[in-house]
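Participant: got a predicted structure plus its sequence, pasted below:
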Amino acid sequence: MKDMLQDIGEKNFRRTHMYDSLKDDSKKALYPNSMSLTRLSTLLRLFNIKARNGWIDKNFTEFLELLPQMLPKVIHCQPVIIR
């Protein structure tokens, strides 16, 4: 495995992993029985709101931390880490 990583390069390996993660999130419903929202579409909408309104990272992070408190307990929110 180590040799394979060296051959393709760590940077390309990370890109592949990110692509696979985004592809998976594009197919996963935001919550059970969600007909129109996927994890990826929701994330993109949130970042669009952030950009259009000029929110700084701190404001956006505080908003994301507030969301689980606002949503029904049935929905289990997992933090999303973007690097």
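Facilitator: Right, received. Where do you want to start? Numbers count the residues shown, from 1 in each chain.

Participant: neighbours of R39, just the number please.
Facilitator: By other CB atoms under 10 Å, 20 other residues sit near R39. (C-beta placed from N, C-alpha, C; glycine too.)

Participant: enumerate every residue touching it.
Facilitator: Listed by CB atoms under 8 Å, 6 or more residues apart in numbering, the contact set of R39 reads 25-26, 28-30.

Participant: could you check the pLDDT of it?
Facilitator: Per-residue pLDDT puts R39 at 88.

Participant: how near is it to I56?
Facilitator: 24 Å (CB to CB, to the nearest Å).

Participant: next, count neighbours for S21.
Facilitator: 12.

Participant: remind me which residues of the chain are low pLDDT?
Facilitator: Of all residues in the chain, those with pLDDT under 70 make up the ranges 1-15, 72-83.

Participant: do you have the helices of this structure handy? List them.
Facilitator: Using DSSP state H, the helices of the chain run over 2-8, 10-27, 39-53, 57-70.

Participant: taking those together, which one is wrapped up most tightly?
Facilitator: Most buried of these by mean neighbour count (mean count of other CB atoms under 10 Å) is helix 39-53; its value is a mean of 14.

Participant: so that helix versus helix 57-70, what angle?
Facilitator: Here helix 39-53 runs at an angle of 130 degrees relative to helix 57-70 (axes from the mean of the first three to the mean of the last three CA atoms, to 10 degrees).

Participant: next up, the contacts around the residue nearest to S26 when sequence neighbours are not counted.
Facilitator: Once flanking residues are discounted, S26 sits nearest to L40: 4.3 Å by CB to CB, 6 or more residues apart in numbering. By CB under 8 Å, 6+ apart, the contact list for L40 reads 22, 25-26, 28.
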